[in-house]
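> Below: sequence and its predicted model.
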Amino acid sequence: MDSDPFVVDVRLNGTDFVTGLVDSGCLCYSAINEQLFRSLRLPSIKIAPRQLEEAAGKNAEPSTVLDTVTYASIDIDGHQQKRVFFYVVPGLTYDVILGKPWLEDADVTISAKQGCLDIGASNIRAWNHKKASYKPPPMKATQVMASAFMAEVRRSRRKNKGDGIALDTGLFAVSIADIEKALKPRKRSDPKTKLPPQYHQWLKAFDHFLAEKLPPHRKGVDLHIEIEKDQDGNEKTIPWGPLYGMSREELLVLRKTLTELLDKDFIRASNSPAAAPVLMVKKPGGGIRFCVDYRGLNNITRKDRYPLPLFTETLRNVAKAKWFTKLDVIAAFHKIRVAKGEEWKTAFRTRYGLFEWRVAPFGLTGAPAAFQRYVNGVLQDYLDDFVSAYVDDILILLPFRTTLLGIGPMLLGRMFYNLHFHSFAVMCLRTSHIYSSGSLQDHREKVGKVLQRLIDAGLQIDIDKCEFETKRVKYLGYIVEAEVGIRVDPEKIIAIREWATPTSVKAIRAFIGFANFYRVFIPNFSDIAEPLINLTKKEMVFHWDEACNQAFETIKELLITAPILGHFDPEKDTLVEADSSGHATGGLLLQKDKNNNWQPVAYYSKKHSPTEANYPIHDKELLAIVRCLEAWAPELRMVRKFTVLTDHKNLQYFYRERQLSERQVRWSEFLSRFDFSLEWKPGKTMENPTPYHDENKTYPPTMTMNEYGLDLSVSSRASTCGVFKSSLYRLRRLTSQKRYACLRTRRCRICGTEAAKKISFIRSLLH
């Protein structure tokens with residue numbers, strides 16, 4: 001049976017709190033992690049080499065030799081020892097280990113049942129993460145002085161009596177492990193061992209030594225940084241930023257990065273009047289990244305409007321692929337030179353001097369456009385044929401044998417715009433017949449063509465980030481699987497599951513932005529997210545209530561359990577379900593799968609504008625159909641005939657109506673472009689594209705104008721005449737003809753009154 005370790009807070013030299021493991025099975029007096037020893041700059045005493053035996057845990061190297069001892073004063077909850085000697089151990093699991101000799105020397109009594117240590121007169125409770133009873137506070141970026149932070153630590157320790165430290169002050173989330181990872185030289189894999197044998201003739205494309213060479217200047221490719229001009233016609237002054245404070249460990253990473261960039265000739269010393277600040281940012285996978293804060297320069301730079309590929313168009317190319325090969329360009333932006341004479345504009349200041357870039361740096365507003373322009377030129381005749389290039393991610397695909405009739409883009413909800421039934425072919429909207437054998441050999445030939453193009457263009461590939469001849473690939477935040485569909489990346493699901501409850505408007509916007517990226521998987525996203533969206537409005541007081549919490553948890557749950565969305569196939573039976581609620585319209589695109597079951601292909605939702613919210617229920621339901629067909633127009637035009645389901649029965653007779661409003665006439669003209677049949681289906685039997693339909697909500701009546709005057713539409717769920725009265729427009733300003741039209745409205749369904757009573761009621765409002 002496993003037991004929890006005895007872990008205590010140890011204060012070294014009166015300043016630094018570290019994690020200490022009390023280990024009665026450790027025969028050495030005490031030990032300290034080598035990286036911690038170096039970072040604290042503790043004194044070093046050389047000793048005769050000794051072999052380490054099972055003291056460093058699973059992270060220690062098997063043949064570790066100890067030849068260094070250090071010493072420091074320690075303070076454990078008030079119990080002080082002025083000089084304690086430690087063996088310096090590489091890869092130690094904890095910051096320090098206090099062994100059996102220390103326990104005997106300090107006269108420590110261990111109470112395993114209570115989880116306490118008795119040191120003299122002190123009773124210290126050991127802590128561990130499993131037994132922590134407090135809930136950690138949400139992280140927030142509060143900057144405080146070191147002395148104030150240490151005082152807060154001491155107060156928290158006294159308050160919690162050793163149960164852990166709960167601080168209101170958040171810390172910069174870069175750990176020693178991140179620093180260590182950044183300082184370690186990257187071990188690159190040998191391309192010969194990882195590259196499939198059939199591609200060995202293109203090994204040059206994976207040579208990382210070539211990737212570290214300074215690229216030449218190229219006309220039409222170099223990055224130009226055009227500064228905006230002021231009212232007098234002079235270039236604006238590039239702002240300079242302050243030096244950001246860094247820890248000693250971060251400075252080590254900075255110095256290592258500068259040395260590498262100088263060795264590659266990617267940067268050089270500068271005397272520029274511009275000076276952007278430098279900061280360190282934690283990488284998602286651990287480690288830290290060197291970044292230059294170019295916000296000041298970007299604000300006054302003339303923007304390069306060269307288009308990046310539409311995210312939705314990029315996903316179009318993978319819709320019906322059979323094989324995938326994914327390539328990733330090494331340091332893509334560094335393959336673009338900064339135009340001659342403009343290097344000074346990229347200058348950045350550091351603790352070690354002022355430098356300027358000779359290659360395009362990350363963070364400049366024009367860098368993505370410059371590289372996209374270059375890679376598009378390199379792969380121009382392959383793009384949307386069998387290659388998709390999104391900045392530095394290059395995907396080579398082999399589609400099924402396909403005949404395309406009326407090539408057009410496919411829209412998968414709002415996000416998968418242009419994810420169409422793609423084959424081996426075209427970039428234009430025309431009728432075309434394209435065939436592909438779908439063989440693996442054909443795919444390999446195309447990979448070879450792309451690799452040769454990249455070699456000729458001086459672009460090297462990171463072998464560690466490549467995937468060859470696979471049926472399933474992670475691309476642009478999605479998992480795309482041949483013959484199956486598209487689904488949410490499991491790594492993103494983990495992040496969603498652990499997402500903390502927002503405590504500010506900024507946090508809500510971050511969550512909505514993240515969820516919006518995957519909204520194509522969420523039925524009726526706009527309606528569900530309405531309480532959260534309302535909190536982001538101007539002058540809205542932030543108040544997290546039950547409705548907000550329910551919306552937050554519902555979106556998380558829907559993302560975690562998101563379905564696999566099928567690939568659209570114009571040859572399959574197609575069904576569109578459209579519905580409208582009081583706040584939004586929703587839709588669902590379905591097709592038959594291999595088992596002849598309806599499979600979702602896309603969800604759609606959009607919130608009503610204030611004007612649309614006042615439409616009569618008939619027009620709201622019709623608007624839902626119009627919006628869905630607008631969203632999925634490209635692929636639905638490829639289908640010979642499809643079915644639209646609605647739960648509003650009167651829409652079946654829409655085309656038979658003799659009198660239509662101007663709005664309905666416009667919609668009728670749009671709907672005539674599609675070949676579909678409109679069928680009624682009771683709301684309870686619908687697939688429910690708007691799951692939070694109209695239950696428990698009240699909707700006031702609305703009025704619409706047509707050529708005969710006003711048409712009054714009353715919702716059956718509008719509960720009282722008071723609601724009706726407060727919602728009517730200023731009827732006193734209506735002409736007598738329009739008043740008469742208003743009086744001719746159908747029987748009132750607000751409270752079941754007869755027509756005569758209704759007329760009397762309306763007259764009371766008109767006078």
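On my side now, so go ahead. Note that the coordinates shown come from a computational prediction; the quantities given were computed from them, not determined experimentally. Numbers count the residues shown, from 1 in each chain.
> Packing partners of the lengthiest helix in the chain?
Criterion DSSP state H: the longest helix present in the chain is helix 440-457. The contact analysis (3 or more CB pairs under 8 Å, 6 or more residues apart in numbering; DSSP states H and E) places helix 440-457 against strand 321-328, helix 367-378, strand 393-399, strand 467-470. The C-beta positions use only the backbone N, C-alpha and C, and glycine is treated the same way.
> which helices and strands does the second one pack with?
When you say that, I think you mean helix 367-378. By 3+ CB pairs under 8 Å, 6+ apart, helix 367-378 packs against strand 387-390, helix 440-457.
> In PDB, list the C-alpha atoms belonging to the last one.
The C-alpha atoms that make up helix 440-457 are tabulated as PDB, following Å, rounded to 0.1, in the frame of the first residue of the first chain:
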ATOM      1  CA  LEU A 440      -0.200   4.900 -51.900                       C
ATOM      2  CA  GLN A 441       2.400   5.100 -54.600                       C
ATOM      3  CA  ASP A 442       0.700   8.000 -56.100                       C
ATOM      4  CA  HIS A 443       0.800   9.800 -52.700                       C
ATOM      5  CA  ARG A 444       4.500   9.100 -52.400                       C
ATOM      6  CA  GLU A 445       5.200  10.600 -55.800                       C
ATOM      7  CA  LYS A 446       3.500  13.800 -54.700                       C
ATOM      8  CA  VAL A 447       5.400  14.000 -51.400                       C
ATOM      9  CA  GLY A 448       8.600  13.700 -53.400                       C
ATOM     10  CA  LYS A 449       7.600  16.600 -55.600                       C
ATOM     11  CA  VAL A 450       6.900  18.800 -52.600                       C
ATOM     12  CA  LEU A 451      10.200  17.900 -50.900                       C
ATOM     13  CA  GLN A 452      12.100  18.800 -54.000                       C
ATOM     14  CA  ARG A 453      10.400  22.100 -54.300                       C
ATOM     15  CA  LEU A 454      11.200  22.900 -50.600                       C
ATOM     16  CA  ILE A 455      14.900  22.000 -51.200                       C
ATOM     17  CA  ASP A 456      15.100  24.300 -54.200                       C
ATOM     18  CA  ALA A 457      13.500  27.100 -52.200                       C
END
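> Measure how it sits relative to helix 367-378, angle-wise.
Relative orientation of helix 440-457 and helix 367-378, computed by axes from the mean of the first three to the mean of the last three CA atoms, to 10 degrees: 120 degrees.
> quick one, phi/psi of the nearest residue to residue 90 once chain neighbours are set aside?
Spatially, and ignoring its direct neighbours in sequence, residue 90 is nearest to residue 34 (4.4 Å; CB to CB, 6 or more residues apart in numbering). Note on residue 34: its backbone torsions stand at phi -60, psi -40 [degrees, to the nearest 10].
> How about the contacts made by residue 34?
88-92 (CB atoms under 8 Å, 6 or more residues apart in numbering).
> List only buried entries from the residues you listed.
88-90, 92 (16 or more other CB atoms under 10 Å).
> re the thing from before, could you identify the pair within the contacts of residue 34 that is furthest apart?
88 and 91 (11.2 Å; CB to CB).
> pLDDT score for the nearest residue to residue 453 once chain neighbours are set aside?
Among residues not flanking residue 453 along the chain, residue 378 sits closest, at 5.6 Å (CB to CB, 6+ apart). Note on residue 378: pLDDT of 90.
> ok, now residue 516?
pLDDT, residue 516: 82.
> tell me the contacts of it?
So, once contact is read as CB under 8 Å, 6+ apart, residue 516 ends up touching residue 525.
> Now it: phi and psi?
Torsion angles, degrees, to the nearest 10, at residue 516: phi -60, psi -30.
> Can you tell me which of the contacts of residue 34 is nearest residue 68?
Distances from residue 68 to the contacts of residue 34, taken by CB to CB, are shortest for residue 88, at 4.1 Å.
> does that closest one sit in a helix, a strand or a coil?
strand (DSSP: H, G, I helix; E, B strand; the rest coil).
> ok, it to residue 52 distance?
Applying CB to CB, to the nearest Å, the value for residue 88 to residue 52 is 11 Å.
> go on, residue 268?
Distance of residue 268 to residue 52, computed by CB to CB: 45 Å.
> Appreciated, that's everything.
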